[in-house]
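> Okay, structure incoming, though there's no sequence with it:
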Ligand SMILES: CCCCCCCCCCCCCC(=O)SCCNC(=O)CCNC(=O)[C@H](O)C(C)(C)COP(=O)(O)OP(=O)(O)OC[C@H]1O[C@@H](n2cnc3c(N)ncnc32)[C@H](O)[C@@H]1OP(=O)(O)O
């Protein structure tokens, strides 16, 4: 199904998942969709592997962790969180040299904590990895020992603006 993109989220500079200047990272982009979910898109590379041709399970976990963790800011971009727990199920291998999508959503929230779930979707449309996570809300200045600079957290325009994303 095709979903309208409401907003592209900011990118980090050095983050292993979203850092635009981390040459070995996944350089993932995150889009808020009309259905209230967050979708991440990235290209897996040879250097993200565990076994040859297969993305390292830790990289898949990092992608799901960040996608669920970012979903909380869809309605309020001032909310940040740190991961308290993450449960991952690896159902199918994620290939290197592929464009994959990661979906994240919030399933519950209170004053202190939020929980969410997510999936990694292969180019074939199959679900390869699923996750549920729990996060503690925390001001970003407390997580990073100071405000994020405009270099560390910024809007990066796509070469071609995405209007819709097929999931
Ligand atoms: C710049 C670019 C960045 C890009 C990134 C953007 C990504 C954004 C997405 C993010 C994705 C990536 C994110 C990452 O990769 S974050 C990196 C991975 N995660 C961490 O580093 C977290 C490490 N852990 C901690 O810092 C502490 O353990 C935390 C802060 C979690 C708790 O601290 P602490 O143990 O000292 O707690 P407290 O004594 O202050 O208690 C506070 C309250 O909380 C309650 N409590 C505690 N534990 C739990 C629990 N397990 N379930 C339920 N409740 C719990 C507790 O009872 C108390 O309640 P109350 O008595 O007040 O009622």
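Right, received. Where do you want to start? In this text the structure is predicted, and so the values were computed from the model without any measurement.

> is the helix or strand bottoming out on mean pLDDT in the chain anywhere near the ligand?
Ranked by mean pLDDT, DSSP states H and E, the helix or strand of the chain with the weakest confidence is helix 140-144, at a mean of 94. No: remark: helix 140-144 sits outside contact range of the ligand, by C-beta under 6 Å from any ligand atom, the gap being at least 7.0 Å. Every residue, glycine included, has its C-beta placed from N, CA and C.

> got the contact list for that helix?
Among residues not part of helix 140-144, those counted as contacts by C-beta atoms under 8 Å, 6 or more residues apart in numbering are 80, 82, 147-148.

> Let's see that with 10 Å instead.
Among residues not part of helix 140-144, those counted as contacts by C-beta atoms under 10 Å, 6 or more residues apart in numbering are 78-82, 136, 138, 146-148, 152-153.

> what separates that helix from the chain centre, distance-wise?
19 Å (C-alpha atoms, centre = their mean, to the nearest Å).

> buried set for the longest helix seen in the chain?
If you go by DSSP state H, the chain has its longest helix at helix 57-71. Buried positions in helix 57-71, judged by neighbour count with 16 or more other C-beta atoms under 10 Å: 59-71.

> and the ligand, which of those residues reach it?
Checking these against the ligand by C-beta under 6 Å from any ligand atom, the ones in range are 65-66, 69-70.

> For the ligand, state which of the residues you listed is nearest.
Within those, distances to the ligand taken as C-beta to the nearest ligand atom reach their minimum at residue 69, with 2.8 Å.
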